[in-house]
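**Student:** Give me a 3D structure for the following:
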Amino acid sequence: MSLTFPNQSRSYDATRQAVRFWGYDKAMEWSFFVTEGALKQMSPAMARDEADMLRVFDSNRALIYTAAEKLYSRERKGSYELGAMDV
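**Tutor:** Numbering: from 1, shown residues only. Presented below is the predicted three-dimensional model:
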């Protein structure tokens, strides 16, 4: 049950106001979303636009990946949302 993040891709999801990224446990792929609130907590000066949200994500990958691993270890589901309380 080791979650890895070999795919550095991420994308902005305007509908969810979040940044989406993917984690892998062996051959299984899992979707993760980091909410605007979580990103804003990491960088209070962040603008509420795609470019700045992606910039904050990139600047905080290690923290986000650690939070994703913790959330993933608690339960298995189709996708995971990291909110301000998770980071």
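**Student:** Please identify the buried residues of the longest helix belonging to the chain?
**Tutor:** If you go by DSSP state H, the chain has its longest helix at helix 61-74. For helix 61-74, a neighbour-count test (16 or more other C-beta atoms under 10 Å) marks 64, 65, 67, 68, 71, 72 as buried. All C-beta atoms are positioned from the backbone trio N, CA, C, and that covers glycine.
**Student:** Nearest to residue 32, out of these: which one, please.
**Tutor:** residue 68 (5.1 Å; C-beta to C-beta).
**Student:** I'd say that closest one and residue 80 touch.
**Tutor:** Yes: here residue 68 reaches residue 80: they are 6.6 Å apart, a contact under C-beta atoms under 8 Å.
**Student:** Overlap in contacts, these two.
**Tutor:** residue 32 (C-beta atoms under 8 Å, 6 or more residues apart in numbering).
**Student:** Kindly provide the distance from the residue of the chain most remote from its centre to residue 20.
**Tutor:** Checked against the mean C-alpha position of the chain, the extreme residue using C-alpha atoms, centre = their mean is residue 27, at a distance of 19.5 Å. The spacing between residue 27 and residue 20, counted by C-beta to C-beta, to the nearest Å, is 20 Å.
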